[in-house]
Structure formats: C-alpha cells, structure tokens
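> I would like to see how this sequence folds:
(chains A and B)
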There are 2 protein chains.
Amino acid sequence: MSVDFFESNREVLEKAVEAAASRGYWSPFPESPSPRVYGETAAEDGRKAFEALLGKDFPLDLPGAVGAIGQEKSPFGLELNIRYPKVPVAALVEQADIALESWREAGPKAWVGVSLEILKRLNQRSFEIASAVQHTTGQGFMMAFQAGGPHAQDRGLEAVAYAWQEMSRIPEISDWEKPQGKHDPLRMRKRFTIVPRGIALVIGCSTFPTWNGYPGLFASLSTGNPVIVKPHATAVLPLAMTVKVAREVLQEAGFDPNVVQLAIHSAEEDISQELALHPSVRLIDFTGSSANGNWLEANARQALVYTEKAGVNQIIIDSADDLKAVVRNLAFSFALYSGQMCTAPQNVYIPRDGIATSEGRLSFEQVAQAIAQGVEKMLADPAKAVELTGAIQNEATAERIEEARKLGLPVLHDSRALQHPQFPNARVRTPLLLQAEASDERIYKEWFGPIVFIVATDSTQHSIELAQRVVQEHGALTLSGYSTDDTVAESMRKAAERAGVSLSLNLTGGVFVNQTAAFSDFHGTGANPAANAALSDTAFVANRFRVVQTRWHV
Amino acid sequence: MSVDFFESNREVLEKAVEAAASRGYWSPFPESPSPRVYGETAAEDGRKAFEALLGKDFPLDLPGAVGAIGQEKSPFGLELNIRYPKVPVAALVEQADIALESWREAGPKAWVGVSLEILKRLNQRSFEIASAVQHTTGQGFMMAFQAGGPHAQDRGLEAVAYAWQEMSRIPEISDWEKPQGKHDPLRMRKRFTIVPRGIALVIGCSTFPTWNGYPGLFASLSTGNPVIVKPHATAVLPLAMTVKVAREVLQEAGFDPNVVQLAIHSAEEDISQELALHPSVRLIDFTGSSANGNWLEANARQALVYTEKAGVNQIIIDSADDLKAVVRNLAFSFALYSGQMCTAPQNVYIPRDGIATSEGRLSFEQVAQAIAQGVEKMLADPAKAVELTGAIQNEATAERIEEARKLGLPVLHDSRALQHPQFPNARVRTPLLLQAEASDERIYKEWFGPIVFIVATDSTQHSIELAQRVVQEHGALTLSGYSTDDTVAESMRKAAERAGVSLSLNLTGGVFVNQTAAFSDFHGTGANPAANAALSDTAFVANRFRVVQTRWHV
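As a prediction, this is how the structure comes out:
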C-alpha cells in the first residue's frame, strides 16, 4: 500500500474495538449537522454538490459500462434524472474476480485501512449524502443526515472493528514445539493466511440504503472480499456516492478500483437473482422483503446469505407512571419517517380492562384515545410535522393505508395528507391508528408504513404471550414494554429472550424504540424470522474469511 | 450451580484460550497411555470396565426409553452385544425442549463449567473409551487411545475455549450515556443475555466417533443448547460412554440430565433425517458422506448445519533432499488406520519425467517403486503392522479395494489381508497402490480406505494446478507438498490458499499429514467442498448463541 491507511486510522479502529466491548456510547462521526462541527460552509457545499448531480450522468467511471440508466424520483417530488453507468452482470463478476486476485494478497491491514479511510471520507460528505438519502428515501433532512450519514458510518465502522478483532487474533506465524520425552521435540513453523470467501454482493433497500447497506459492505470489504453494490432502483444515489468514494480510496492506495463496483438495473429488469445465483458470488447481504430474503436464503446456496426482512414490531402497555410521557414517546415513534423504519412499532397491546397509571386506573378506550390525541398533537403544525414524518417512499406504501382502512376497524386517528411547505409535490401522510381485537389475525403481518393497531387483549399476561408468539412466527426487530411492576417487566424480558427480540422498557424520554446505537445496541438478534443476523456482531463477520495454514519443520 | 465447575476448571479454560491464540503446542490431556501418567492400574481398569459392558444393557438411564437395541460388532472380530436404551424421536425432542428451559437460565459460566468438567472426567476414562473406540472403529489401540481419548478431549476443550471467549466478551450489563449538549445526557442501562439457539443434534461417524463428535457437542453444549447425540449404528459405545458421563456431571451440578441425550437406531431405520428436520432442532453437526452432508445442508433449513464430508487429499512431489525420509513419512500416512482418516492422502502427483533428489534425478517409476517398497517395508512384520493399520471399519471399505483393483491400473503395491496375532477374525488389509495418469478422471473422487494412486503428471506446475482444481471441485482436508525449491513451495502455498486447503510442506519426520493438533492446526478450512466449517474457530461457535438485550432509562 503506497499510503498507509491502516496506521493513519488506527486510533479510530482501536477506539471502535473498545466501544464494541464496553458497549457504552461512542462515535467518531458527529451526528450534529452544526457548522461548528462540520464547518461553516459544509451544509451549503453539500447541497450544491447534490444539486450539481441532478439531470446528469453520475460521474462514476466503471469499466465495461454499456450505457447509463436512472429512474429515481424524490418522494418530495423532485425529478432527479441522474443516470448511472450500467455494467452487465457477467462483466461485473469478471472484473470483481480479477480484482480479487490482487485484493486477497493485500492482507488484513490493507483491507481494514482502506475500509476505514473510505468511512472517514464518507463522513466528510455527510451533507451531500444526506440530500441524496432525503431525495431517494423520503426521510426528513435531519434523519437523512444522521441515519444516512454518521449513524450509517458508525455501523460500517462497527463491522470493520469486529472484522479486525477476529482477523487480528490469528497469528501470522506460530512456532509449535511438542516435547518427545528423551528425544528432541517436534518443531514446526506454521503460517496462517486469512483468505477471503470470494465476491460479495450487497443488495440495498429503498428506505435506508446506507444505514442498512454499510454493515455488509464493510464487513465483506474489510475481510478481503471484493464487493458488488446493487442499490434498489429507487435509491441508487447514496450508494453510488459511496462506491465512488470507495473506488477513489482504492485507487489512491494502489489497488484495483473494481474491488468495489456498482450494479444498476431498471425497475423492470431486476438483476438481483442473476447476481445472487452466480457461482463466484460467495457472500450476500440483503435488506428488504421477506419474500425476497427467503428466496435468497433458499436459492443462493453457494453463498453465505445475511438477511434483514419484514417483521411485526410490538408494544406492550401494562401500566405507567406518566402516561403523557408514554404517549409522547409513542406518537414520535409512530410519526418518525411515517413508520417506514424496520424498527417502527405496529401493534400496541393494552388490556381491555385498562391499566394502572399515576392518575389512577384508565380504561382501554381512554389509553387508546390518549395515544390518538398524542399523535394529533405531535403533528398539529404541518411545517414541523413534515420534518418528522418525511415523505412516503413509494406509492405502494401510501396505498397500504387505504388497504388498512378497508379492514373496517374503528379509526382512532385517521391518516391524512400534509402539504409540505417546501416541496408542494411531496407524498406526506400522517399515521393511521386503528383499534383491533387480539383475535384479529389480519394484524399479525407487517403493515409497512404509518399504520398502527391499538389492540385490546385479555390481560398483560395475554399481551406478553401474544407478543412472544408473534415474534417467533412473524419476526420482529423491536419489542417495547411499559410497566411500573418489576415482576411484569421481568416477564417481558423472559418472553423477549425466548422469542429472540430486543426489548426496550419504559421509554418515555429522548430514546425511541425505532433507534439503535452502534457499538452498543445490536440491531436485530438473528434469532427470529425478521433477520438471520445481527448488525453487527462476531457472527456477522467471522465466516466472511477463512484461515489457510501452511506448516513445515524447522 | 451447587458445584462450581467453572471455578474448579477455570485455569484449564484460561490456558486453552491462550493456546488457541498463540497456536503453539499445548494440551491438558496427556496423550501417553503410560502408567506414570494415568496411574499403575489405569490400563487394566479401563480394559475391565470395557469388558464388563459386553453382552449387557449399557447402564444408561434415559427417560422415555422403549426397549434397547445394539448391533455393534468389532472390526477386530469381537461381538459387543451391548444394547442401548432407545427413546423415540418425539420423546427425545420433548425432553430436550424441557431441559432447554432450565439450561438456558443457567448462563455461560454454568454451561462452560459443566462442559469442562465433562471433559475432565472423560479424560479419566480414556482407557475405557480407547477400548470402545478400538472395537467400534477398528483403530489400533494406541490410536484409539490418543485420537479417541486425549486428542478428542483437546478438540472438545478447544471448542469450549472459543465459545467462552465469544460469550465472555459480551458484557452482562452496560451503562450508556450520550451527551446532549447543554441538556442532561441520555442515560440507559442495558442488559445483554446470551441465549441458546435451541436443540442441537450431533450426528456421529463410524471412524472417529469422539474426535469428530466432540467439537460440535461441546460447542453447542457450552453455548447453552441441549444436545441430542446420535451415534453411527456401528460406533455407539464411545458416544454412549460420553453421554453417560455428561449426564452424571449435569445431575451433580443440579441440572436436568436431559440436556444431553443419546439417540439410537438400528442400521435399518436411520432416524437422522427425522431428527434433522424437526423444527425444534436448530443446530446440527455432522461428519460423514458428502451425500448425507449435502442433504442436510439442503434440507435442514431450520438449523445451522456444520458438516465435514468427503474429499480427495493429495500430495505433490516436486523434489526431495532425502527421498527415503519422504517415503517413510508417506508409507506411514498410507498405512495409518488403513486410510480411513478423513485426512489420509489418496493421490500422489509426480512429474512423469521424474524429480531431483540428493541422490540425483530419479524417474517417475523409481520414485513410485520407492514408495511401494516403503509401504512393503513398513508393514513387513504383521504383528507391528496391525497396530498401525488397525482393522477395516466396515465391509464396504474392504470391497472398495476390490473395486479399485478392477480399474485395471498397474499395481505398484497390492493390498493383502493380514493375520492379527491377537484377534484372529480382525478385518486387516494393507494399502493398495495403483499407478495412474493425471488424465484418468476416475481417480478424482474419494476412494475411502487403503487405496492410493501414484499419478504421473506433465510437470510440477501441472501437479499444482491439478491439486488446486481437485480441491475446489471435490474438496480436501489436507494437501502435502515436497520441494527443495522455495519458489515451488511458494507456488504450492498460493495454490493451497486459493483452493482453501491446509498445506504441509516437506514432512519427513514424526509429523504426518493425517494429523492435526488442537489449539494449533485448524482441522479443515470451511473453504472447500470437504467441510463447511473448521474444527474449531470463532465461526464454528459464534452463531450457536445469540444476544438479546433489554434497555431502560436510569
């Protein structure tokens, strides 16, 4: 490596390894878009850099390109009209195979150094990436900045830290000396080489292209595997920017830039299956629908497949000290990015005979009404509301609201379109809250989008059993519980551990069940149908490389 | 835990973790069956304990048993006539499910402590287990003692060490404090619970029931999963002894003994598939044929499946300083347990125009003859030979020698039956060495047993390319190379790394390619078709448990 990106980024790496061990708060990538942090002109520069891309061919030089395509349309109404170079699958794989030959020889320090440098430079472009995330996913700008920028970078760094930790524990050379009684000992020298699996494929999603894409991308890259990044057809730009930065760093370090490539397709002709089934593709990271994720797990048998799929996230309300604080927290969670987070809660279980609160016993109806009013209040000012809800990423999600209305359930809070003060054509909807009975099987599937069911159960015990069964059968990324009774909280914890889902207890402040923090919270458990892996942990990285040893007598 | 097996075994655990990190020689379980090590009466006591079992119901109290069966017949001719309690699959799973409920609550220290104590007690029974291994697998006594006793225990301990290392890096409790500028920081406490996957199944093989069975058994057990051990119908006794010891330790520690159960079937009605497809079975470890291993990988989709299957192990001879020493090493490797090791070499590649040696250039024929004569010489004394070759585990392997003869290839060394001085009915065969051309596709599959092909290639370069391709297509656990030229040795290493197979270079002394040492050599790479995992490494254990967290404000 002509440039030693490992040494120049070593301090961050070591801190990341420490943070993942202690699991306290840590990040090298500031989440505040403040000019004091990123520089006086950073916001403006980022906006301009984004705008300069609109209506043009994206400046990415990919060998083997046969034309350029692009169909992105911002959920806020902006036509992006950006075209990306399209390289046929066969050429992508061939180029990755060639890149693998030199990349594999570079070794762990180079793989990790390059990965860290890419992350550092992505951080410097957080504003530009934020605009790209905003105008492909529909996230409000603040979320697009934080989740699409620093938080995504954190998750990438976290994967690199785990990868380094695992690879660095394998000694390069070891001397082995076995006593032979009165005879000379047997002496051998052993050399252990970390070898990559092969080509890695990252299949991006439409809602969090960087946040969900970076863990797999950086886990594979930092363990020596060339990566083909295939974004969702409607959310290409954030990952195209990422690939561009990656290729620049690779080139600067003296490596084949084809170690990281972009795979583009139109909405009509998806190339995911062709790529996923290619015999040279040995690692796949996927975020998306259960149907597609399950298909990959069942069919891409030549590869290790890491999937994050759909689930039904749930909230159990048993009792509350401060119902108002509970309601504020829930309303925010429902409204945030219009329920388009894989962690967003959908079903809220409340005993039909009500709950104990500091204001005395409240009936099911009173609690349900309080939640509905909380949502109404939180979104009362459209100008503020749209920053929270963002826009609906795609039309199918907006239509799902209509479909939910047709269930014929009592409406606690109706969804309505909001006028975005800045983007008149933005597709903005407030959450739909419906009242349901626990016996209604229609609510036990993912209703992706701003759709919430407030569900009457027989008792908290019933709520807990129900939540456990639903996680086991349908999967979930989050579970949230409210109780003032330690015994009940303990039952919730046991149920969560048996179902294999993370539990948040009594969130009433500035932390929301939708959010997980890198280095501390595991995103997903890999223990229920919503995801077969956690972002990130040792299991997420340890099988992306293998060790081949050579031994000889000395 | 009423007895603290974690504390009492902590020192061994810590040393095991250190050994796996440095990868030097280490073992807490002496491989010498000397009376000075195991006690004056240990050998005799072990033999008596084994003999006391013959012709009886094996003393294992398994709930739910419906009768007892047993069909083991020693390859040395002894009728074992031992019957084992047979529990129907449904009852085994139900009992394991119940055991899981308390076992999961015990936590990592209890899981690891119990695992370590089981290994310690197995070590104390090494002689008894050696006889059991000898008379089910056909291994000579010394190998049965070492590989079936201390070395198997080492491999079990190694898996526990990796499991502990992974689990212990997850803090039980962590405090997370995120600064909020002028406001109070966000403060959360997080509890991380290690949760087991579910029921684990270990499918034993007929040749190394303990050595190949212990890694999976102890990896699953020490990560909180109850284990159902299903031995091969012809090699039950060593694993029945193991299960008995495990249940005694579990009971002594106050746990449900059904955390470890034995699953028995007759040769006619295999229950492996029924067990493997049970929805509650979430982990499977398998050693055996590629057909069965591939079936498990393709069909037992509810489980994580770790397999060791068939392969074609190869030797490349380019040049040699001391051909006699090469020949002695090879002859030993061919004869050892009659090629019934998954690591035994099968194809030996020699350039057809011969090789350079310290005695000058030798033709292909001269080298081939030297190897054949080396085998003849090593096995000249039948009394010594049978200790090395052991007996043929099953009739199909003996028949395979006949099948190989029918290939019509020139015979370099013919296989013959040997009379065992101690066991007149022992099925003993010396190796068959055949001469072949590299173009003969019939030799590129596993010919399990004492069958070796000495193969003429166009050049060493051809040998290396051939070896790489065969590993990639057919799998291999070992590759061995001989060269006095560092550049050639380097080419062999590159080929091995690309193919994903361990390489031994210039073995001419007391280390043989068939043998791997725990804590130092990875057995298998998990990077070629012969095995999808290595015994053992982090990847082998890291996904057998998951982490479920609970977080709340403090």
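> Quick check: the gap between residue A:40 and chain B.
Noted for residue A:40: a distance of 19 Å to chain B, by CB to the nearest CB, to the nearest Å. Every C-beta, even on glycine, is put in place using the N, C-alpha and C of the backbone.
> and residue A:145, what does it touch?
The contact partners of residue A:145, taken as CB atoms under 8 Å, 6 or more residues apart in numbering or on different chains, are A:31, A:33, A:126-127, A:130, A:133.
> mind checking the SS state of it?
helix (DSSP: H, G, I helix; E, B strand; the rest coil).
> Okay, now the unreliable bits of chain A?
For chain A, applying pLDDT under 70 flags the ranges A:1-2.
> Can you pull up the most central residue in it?
residue A:212 (2.7 Å; CA atoms, centre = their mean).
> Grab the nearest non-local neighbour of it.
Take residue A:212 and drop its neighbours on the chain: the residue closest to it by CB to CB, 6 or more residues apart in numbering or on different chains is residue A:287, 4.0 Å away.
> got a list of what the one you found touches?
Contacts for residue A:287 (CB under 8 Å, 6+ apart) come out as A:203-205, A:208, A:212-213, A:307-308, A:342.
> Going by distance to residue B:16, which of the residues you listed wins?
Residue B:16 lies nearest to residue A:307 out of these, by CB to CB, at 34.1 Å.
> Show me the helices in the stretch 351-500 of chain A, by range?
Assigned by DSSP state H, counting those that start in this stretch, the stretch 351-500 of chain A shows helices spanning A:364-378, A:382-389, A:395-405, A:460-474, A:486-499.
> angle of the first one against helix A:382-389?
With axes from the mean of the first three to the mean of the last three CA atoms, to 10 degrees as the basis, helix A:364-378 and helix A:382-389 are set at 110 degrees to each other.
> Does anything pack onto helix A:364-378? Which helices or strands?
Counting by 3 or more CB pairs under 8 Å, 6 or more residues apart in numbering or on different chains; DSSP states H and E, the packing neighbours recorded for helix A:364-378 are helix A:323-335, strand A:347-351, strand A:411-413, strand A:432-437, strand A:451-457.
> What residues does the stretch 451-554 of chain A have near chain B?
With CB under 8 Å from any CB of the partner chain as the criterion, the stretch 451-554 of chain A meets chain B at residues A:493, A:496-498, A:500-511, A:517, A:520-522, A:525-527, A:534, A:537-539, A:542-543, A:546-553.
> which strand of chain A spans the most residues?
strand A:183-196 (DSSP state E).
> Helix B:486-499 and that one, what's the angle between them?
Angle, strand A:183-196 to helix B:486-499, by the same axes, to 10 degrees: 50 degrees.
> partners of strand A:183-196, with directions?
Strand A:183-196 has the following strand partners under DSSP bridges: strand A:173-180 (antiparallel), strand A:545-553 (antiparallel).
> Deepest-packed of the ones you listed, please.
A comparison of the strands paired with strand A:183-196 by mean neighbour count, using mean count of other CB atoms under 10 Å in any protein chain shown, puts strand A:545-553 on top with a mean of 22.
> Among the contacts of residue A:145, which one sits closest to chain B?
residue A:31 (9.5 Å; CB to the nearest CB).
> Go ahead and confirm that closest one touches residue A:150.
Yes: with contact defined as CB atoms under 8 Å, residue A:31 counts as touching residue A:150 (4.7 Å).
> So which of those two has more stuff around it?
residue A:150 (25 against 18; other CB atoms under 10 Å in any protein chain shown).
> and the more buried one, what does it touch?
Counted by CB under 8 Å, 6+ apart, residue A:150 has contacts A:27, A:29-31, A:123, A:126.
> Please, a ChimeraX command that selects the buried ones among the residues you listed?
In ChimeraX syntax, the buried subset of the contacts of residue A:150 is picked out as below (16 or more other CB atoms under 10 Å in any protein chain shown):
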select /A:27,29,31,123,126
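> Among the contacts of residue A:150, give me the pair with the biggest separation.
A:27 and A:126, at 12.4 Å, using CB to CB across those.
> circling back: can the contacts of residue A:145 go into a markdown table with extra columns for distance to chain B?
Converted to a markdown table, the contacts of residue A:145 look like this (distance: CB to the nearest CB, whole Å):
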| residue | distance to chain B |
| --- | --- |
| A:31 | 9 |
| A:33 | 13 |
| A:126 | 19 |
| A:127 | 20 |
| A:130 | 20 |
| A:133 | 22 |
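> Okay, and which of those map to helices?
A:126-127, A:130, A:133 (DSSP state H).
> Select from those the one having the most neighbours.
Sorting the ones in helices among the contacts of residue A:145 by how many neighbours each has (other CB under 10 Å) puts residue A:133 first, at 30 neighbours.
> neighbours around the closest residue to that residue other than its chain neighbours, how many?
Nearest residue to residue A:133, sequence neighbours excluded (CB to CB, 6+ apart): residue A:148, at 3.2 Å. Residues lying near residue A:148 (other CB under 10 Å) number 27.
> so how far is chain B from residue A:148?
Distance, residue A:148 to chain B, by CB to the nearest CB: 19 Å.
> what does residue A:89 give?
Here the criterion is CB to the nearest CB. By it, residue A:89 lies 22 Å from chain B.
> Same list (the contacts of residue A:145) but as TSV, adding distance to residue B:355.
Formatted as TSV, those follow (distance: CB to CB, whole Å):
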residue	distance to residue B:355
A:31	65
A:33	69
A:126	62
A:127	65
A:130	65
A:133	63
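> Please, which helix or strand holds residue A:202?
According to DSSP states H and E, residue A:202 maps onto strand A:199-203.
> in its sheet, what does that strand sit against?
Using DSSP bridges, the strands paired with strand A:199-203 are strand A:227-230 (parallel), strand A:281-287 (parallel).
> Outline the domain layout of chain A.
Domains of chain A are assigned by automatic domain parsing as A:43-175+A:185-309+A:534-553, A:314-505.
> Please identify the most buried of the ones you listed.
Highest mean neighbour count among the domains of chain A (mean count of other CB under 10 Å): domain A:43-175+A:185-309+A:534-553, with a mean of 22.
> Contact partners for residue A:387?
Neighbouring residues of residue A:387 by CB under 8 Å, 6+ apart: A:140-142.
> coming back round to it: contacts for the strand holding residue A:202?
Looking at strand A:199-203 with CB under 8 Å, 6+ apart, the contacting residues turn out to be A:93, A:96-97, A:100, A:213, A:216-217, A:220-221, A:225-230, A:272, A:275-276, A:278, A:280-288, A:296, A:303, A:544.
> Backbone dihedrals for the residue of chain A most remote from its centre, please?
No residue in chain A sits farther from the centre than residue A:182, which is 60.1 Å out by CA atoms, centre = their mean. Per-residue torsions, residue A:182: phi -80, psi -20 (degrees, to the nearest 10).
> For it, give its distance to chain B.
Distance from residue A:182 to chain B, by CB to the nearest CB: 13 Å.
> do the same with residue A:45
Note on residue A:45: its distance to chain B, by CB to the nearest CB, is 24 Å.
> OK, contacts around that residue?
Counted by CB under 8 Å, 6+ apart, residue A:45 has contacts A:127-128.
> make it 10 Å
Applying CB atoms under 10 Å, 6 or more residues apart in numbering or on different chains to residue A:45 gives the contacts A:38-39, A:125, A:127-128.
> ok but residue A:261 is inside a strand, no?
Yes: residue state for residue A:261 (three-state DSSP) corresponds to a strand.
> For it, list the residues it contacts.
Taking CB under 10 Å, 6+ apart as the criterion, residue A:261 is in contact with A:60, A:62-64, A:85, A:87, A:91-93, A:95-96, A:99, A:199, A:226-230, A:243, A:246-247.
> what is it paired to in the beta sheet?
Residue A:261 has the following beta-bridge partners by DSSP bridges: residue A:228.
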